[in-house]
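> the amino acid sequence is not available; the structure is as follows:
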């Protein structure tokens, strides 16, 4: 458990005993789906879907799963269902592996 409690160089990623949490700032109705970068302590993501009936949340989860090489079923919205700022839970993925993938995607 101590290994997960180390401070991540990514302010939007927290490791836990059963997986990880990602703090996301979601921009719906964008012209393209992409990881925009880091804003404050959030990973900023743009998706095409509108913010109605959970469509933007689902698009975000599918996009993240694809980008991170995970199954969609491993991701869920933990908090912020109706807010641009969301907490995404990722199950069965070690924090270190996820951190490396995110650093690679961000080009850092």
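Nice, I can see it. None of these values were measured; they are calculated from a predicted model.

> element containing residue 36?
strand 34-39 (DSSP states H and E).

> max-length strand in this structure?
When the chain is parsed with DSSP state E, its longest strand is strand 19-27.

> that strand - contacts with which helices or strands?
Counting by 3 or more C-beta pairs under 8 Å, 6 or more residues apart in numbering; DSSP states H and E, the packing neighbours recorded for strand 19-27 are strand 13-16, strand 42-46, helix 55-68, strand 85-91. Placement of C-beta: from N, CA and C, glycine included.

> how far away is residue 91 from residue 17?
Residue 91 is 11 Å from residue 17, where distance means C-beta to C-beta, to the nearest Å.

> ok, these two, which is more surrounded?
Between residue 91 and residue 17, residue 91 has the larger neighbour count (other C-beta atoms under 10 Å), namely 14 against 6.

> quick one: the more buried one from residue 72, how far?
11 Å.

> tell me the centre residue of this protein?
residue 22 (4.5 Å; C-alpha atoms, centre = their mean).

> for that residue, give its distance to residue 31.
In terms of C-beta to C-beta, residue 22 sits 23 Å off from residue 31.

> residue 18 now?
36 Å.

> and residue 83, by the same measure?
Shown here: residue 83 relative to residue 31, a distance of 22 Å by C-beta to C-beta.

> which one of the two has more residues nearby?
Between residue 83 and residue 31, counting by other C-beta under 10 Å, residue 83 is the more crowded of the two (11 against 7).

> which phi and psi does that one have?
Main-chain torsions, residue 83, degrees, to the nearest 10: phi -120, psi 150.

> could you shift the numbering so residue one becomes 56, and keep it that way?
Right, with 56 as the first residue, what we last looked at is residue 138.

> my read is that residue 104 contacts residue 110, right?
Yes: here residue 104 lies in contact with residue 110, judged by C-beta atoms under 8 Å, at a distance of 4.2 Å.

> what touches both of these two?
Shared contacts of residue 104 and residue 110, defined by C-beta atoms under 8 Å, 6 or more residues apart in numbering, are found at residue 83.

> more neighbours: which of these two?
residue 104 (20 against 14).

> distance of that one from residue 92?
20 Å.

> try residue 135
Taking C-beta to C-beta, one finds residue 135 at 19 Å from residue 92.
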